[in-house]
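A.B. asks: fold the following for me, if possible:
(chains A and B)
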Number of protein chains: 2
Amino acid sequence: MVNFELTREYIENLRSLIAGKDEESISALLEELHPADIAEIYEELTIDEAKFLYFLMDDDTAADVLTELEEDDRKKFLGSLPSEVIAKRFIDKMDSDDAADILGELDDDRQQEVLSHIEDVSTAGDIADLLTYDEDTAGGLMAKELIKVKENWTIPTCLRSMRRQAEEVDEVYYVYVVDSDGILKGTLSLKRMLLSPVDITVKDIYNEDVISVKVDVESEEVSNIMDKYDLVALPVIDPVGRLVGRITIDDVVDVMREEAEKDYQLASGITEDVELSDSVWIHTRARIPWLFIGLVGGIFGSRVVGGFESIIDMHPQLSFFMGLIAAMGGNVGMQSSAIIVQSLASGSLGLDTTWGKLLKELLIALMNATILSLLIFTYNKIDGAGIALTATVSAALFSVVVFASLFGTFAPLLLNRLKIDPAVATGPFVTTLNDIIGMFIYFKIAQLLFALLY
Amino acid sequence: MVNFELTREYIENLRSLIAGKDEESISALLEELHPADIAEIYEELTIDEAKFLYFLMDDDTAADVLTELEEDDRKKFLGSLPSEVIAKRFIDKMDSDDAADILGELDDDRQQEVLSHIEDVSTAGDIADLLTYDEDTAGGLMAKELIKVKENWTIPTCLRSMRRQAEEVDEVYYVYVVDSDGILKGTLSLKRMLLSPVDITVKDIYNEDVISVKVDVESEEVSNIMDKYDLVALPVIDPVGRLVGRITIDDVVDVMREEAEKDYQLASGITEDVELSDSVWIHTRARIPWLFIGLVGGIFGSRVVGGFESIIDMHPQLSFFMGLIAAMGGNVGMQSSAIIVQSLASGSLGLDTTWGKLLKELLIALMNATILSLLIFTYNKIDGAGIALTATVSAALFSVVVFASLFGTFAPLLLNRLKIDPAVATGPFVTTLNDIIGMFIYFKIAQLLFALLY
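C.D. replies: As a prediction, the model looks like this:
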């Protein structure tokens, strides 16, 4: 199978086939494609074109494509379908975790309606169960489909039961071992089953060292655990230790990608999770909040600078270096907070205390500040600037670099303790605060040194 | 098994056990821990303490711990051991991909020395093979260990062969099907094997739709493919289609995490991959390059502003809003480039042409610019600023927002075409350029409007 690459020609060809209602050619095209590819194509089509495609797919493919769509597109598409079709053609064909995720995007009434159309009560019950968990926890990530065996079963009993259970599970990574109360005891790896003789019981060969999480563990921690221990599946237990579901790596990869994208966007001052393909309006809405904060910050900054009007009046060259001081403060602050934000996200904050971290940051800052202020001092000397200006710019750069480093380190740690996403700290918020305080430091030093040296 | 959390007390207790050479208690502690946890502990110890621990572990655990260590710590540790110990106690116990990764960190002579101490020629050959691939490609990510069966085998033949092969493979996700030339034909899922009767041949039940990559595909693309198609393992083929290895999801999760961290750090102006626990010197070295560029940019900026000295002399209030204009330009530019950088990284750039993207960005920019310049206009009016200053600040903000949006969109696309990592574009480089050009626009507009309106 050649990997598919979507081109403009492909879409145009498909559109003309749809316009001509050429069902046979379209079905042939669809059969060659992976659901993820069909989902990509779907995003380039109108709702009506997409619907036409849908009715040419078999149920399993249609359900998979729906799972792969972007949330906005999926909502629009489901909005145009009756609840019974959603239940029978989509939800009933999905793994319980995907079914719950998609139902969770609908409003409560619609959820109930769809669930009432699912024939198998235990399937509907499983999905309803999953809907009760917060989507950012292990419970929200897990699926109910898994293969489990009892510890006192013999291998032939296991195999019979596993054959039956495997029909409902997409991929089998581990077989979980539980006791008669359903308490998770361990795992039986498939490799182990391949290598073992058939005449012993589960108890003798299962692996007791199983890492599990409780249903209420946050998804970021779930992803850190699976990453650290290189797991492809992680069992989820209830508060008394009973096995209630399993999380697979593909769901966690999505969480990791989303977390990383969100942190990156926050650092860049974008408040909503946006995709390039979203509308102009969504992009504007995602960007304007931070720009507004930046504007308010800029206005405050202008008032701070305005307070020093008399010295600027006398020494307008001071204004030449405002940009340099502000920008360096911003850069240093961003560097410092980025390191802390990443350590917080990956759970690798280490054992140093906050004071220890600030002390280390101070050393780094002192080194950088010394190098940078020597450089700017040399430049201003060579350029023939007056001694007061030269001294002011160097001293201010030194102070601002040190201040911004400590502030950049402290801010995300503080936000984290206040339960606010520390990634906010690398965004324009801290940059803006840095700017204002940087300007104040700059002109205060100027007042002092110009009075002394001029 | 309770999940392990490292505390300061734990480390202190362990250190005193090491100091007292209490081998028995230490062995008991180590037995309870996962290699990833031991690696975490190791990073808090001195080399001598860590060595003491090493000689108390069995070979498999020691090899796993080595794989989990940070690269710097591993290099230091291996540097203190003879090649024969590295070969027999570590490399020989590892999967071929981990072995190649770790050998790849040593210099060429040392690599040869270590390889010469590995007894099994085919193991040494596999590792030497893997060492020839660029580490950022599919070849560099893959392991040689996999389970394959021939398409004309019967199920009992398969099972016999698989039992033998499984002994060398850690986790079995898929069984690959090849023809008599070793060309990859498809996969046989373990679930399918559980469900199938034993009296048919592979040919009848294998799945032909297998997604694979060539050895020279870049790792970023490998991770996008595995993410898009929700794969846990991906077979790798040579240029003629023969199966040569497989990539597992845990390796790709590491790639994704590193990519995301690198992009985030670049956006924050950090040039090396640093961890919070790295030394003050490494941190300084990672930060100073961008700070230096920022400083040079700031100096250029000061000269640009200096060129407008006469108008600042006459109207010093112009300097009050320099910070606002520069910061807004920086913020907008960051937002725009962040979206493009993410789309490039995830391969979701869509089908729009560069012109289409710039046009869309222009619309977003015009909306934001209009809102922001109206706000600052209103503020200055209420604040009682003169008409020339009010008009200058509004018009400059409008122009700078539009310019920075387009520049922020264009820069990463251009860098990408020039094969430079586009994440650089969200870093201080573009912010600095934006600052300088923003200042030029601001004072040019001021010259024009003050001449006209004052």
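A.B. asks: can you give me the offset of stretch A:357-377 from its chain's centre?
C.D. replies: Distance of stretch A:357-377 from its chain centroid, counting by C-alpha atoms, centre = their mean, to the nearest Å, is 33 Å.
A.B. asks: revised request: answer the last question for stretch A:25-32.
C.D. replies: 34 Å.
A.B. asks: report the buried residues of it.
C.D. replies: Going by neighbour count (16 or more other C-beta atoms under 10 Å in any protein chain shown), the buried part of stretch A:25-32 is A:26, A:29-30. Every residue, glycine included, has its C-beta placed from N, CA and C.
A.B. asks: right, is it up against chain B?
C.D. replies: No: using C-beta under 8 Å from any C-beta of the partner chain, stretch A:25-32 stays clear of chain B, with a minimum separation of 9.2 Å.
A.B. asks: pLDDT averaged over that stretch - what is it?
C.D. replies: What stretch A:25-32 shows for mean pLDDT is 86.
A.B. asks: hmm, who's touching it?
C.D. replies: A:14, A:17-18, A:38, A:53, A:56-57, A:61 (C-beta atoms under 8 Å, 6 or more residues apart in numbering or on different chains).
A.B. asks: who wins for neighbours among those?
C.D. replies: Counting neighbours by other C-beta atoms under 10 Å in any protein chain shown, the top entry in the contacts of stretch A:25-32 is A:Ile38, with 22 neighbours.
A.B. asks: just the element for it, please.
C.D. replies: helix A:35-42 (DSSP states H and E).
A.B. asks: with just CA atoms, put that helix into CSV.
C.D. replies: The C-alpha atoms that make up helix A:35-42 are tabulated as CSV, following Å, rounded to 0.1, in the frame of the first residue of the first chain:
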residue,chain,number,x,y,z
PRO,A,35,-10.2,6.2,7.1
ALA,A,36,-7.7,8.8,8.2
ASP,A,37,-7.1,9.8,4.6
ILE,A,38,-10.9,9.9,3.9
ALA,A,39,-11.2,12.3,6.9
GLU,A,40,-8.5,14.5,5.4
ILE,A,41,-10.4,14.6,2.1
TYR,A,42,-13.7,15.3,3.9
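A.B. asks: can you list contacts of it?
C.D. replies: A:4, A:6, A:10-11, A:14, A:30, A:33, A:50, A:53, A:57, A:61, A:64-65, A:67-69, A:73, B:228-230.
A.B. asks: then stretch A:125-132?
C.D. replies: Against stretch A:125-132 from outside (C-beta under 8 Å, 6+ apart): A:91, A:96-97, A:99-100, A:103-104, A:111, A:115, A:118, A:139-140, A:142-144, A:245.
A.B. asks: rerun at 7 Å
C.D. replies: Residues outside stretch A:125-132 that contact it (C-beta atoms under 7 Å, 6 or more residues apart in numbering or on different chains) are A:96-97, A:99-100, A:103-104, A:111, A:115, A:144.
A.B. asks: which one of those is nearest A:Ala396?
C.D. replies: For those, the residue nearest A:Ala396 by C-beta to C-beta is A:Gly104; the value is 52.6 Å.
A.B. asks: mind listing what A:Ala451 touches?
C.D. replies: So A:Ala451 contacts nothing (C-beta under 7 Å, 6+ apart).
A.B. asks: mind listing what's buried along the one helix or strand it maps to?
C.D. replies: According to DSSP H and E, A:Ala451 maps onto helix A:428-453. Using 16+ other C-beta under 10 Å as the test for burial, helix A:428-453 gives A:428-443, A:445-446, A:449-450.
A.B. asks: what's the weakest-modelled helix or strand in chain A?
C.D. replies: Every helix and strand of chain A was ranked by mean pLDDT, DSSP states H and E. The lowest is helix A:190-195, at a mean of 69.
A.B. asks: would you indicate which residues of stretch A:111-128 are buried?
C.D. replies: Result for stretch A:111-128 [16+ other C-beta under 10 Å]: buried residues A:111, A:114-115, A:117-118, A:123-124, A:126-128.
A.B. asks: so how far is that stretch from its chain's centroid?
C.D. replies: Counting by C-alpha atoms, centre = their mean, stretch A:111-128 comes out at 30 Å from the chain centroid.
A.B. asks: try stretch A:207-221
C.D. replies: 19 Å.
A.B. asks: near chain B, anything from that stretch?
C.D. replies: Yes: Stretch A:207-221 comes into contact with chain B (C-beta under 7 Å from any C-beta of the partner chain), by way of A:209-211.
A.B. asks: and that stretch, what's buried?
C.D. replies: Quick answer for stretch A:207-221 (16+ other C-beta under 10 Å): A:210-213, A:215, A:217, A:219-220.
A.B. asks: can you give me phi and psi for the closest residue to A:Trp153 other than its chain neighbours?
C.D. replies: Among residues not flanking A:Trp153 along the chain, A:Val202 sits closest, at 5.2 Å (C-beta to C-beta, 6 or more residues apart in numbering or on different chains). A:Val202 adopts backbone torsions of phi -50, psi -40, taken as degrees, to the nearest 10.
A.B. asks: could you list which residues are in contact with A:Val202?
C.D. replies: So A:Val202 contacts A:149, A:151, A:153, A:158, A:177, A:188 (C-beta under 7 Å, 6+ apart).
A.B. asks: fine by me, thanks again.
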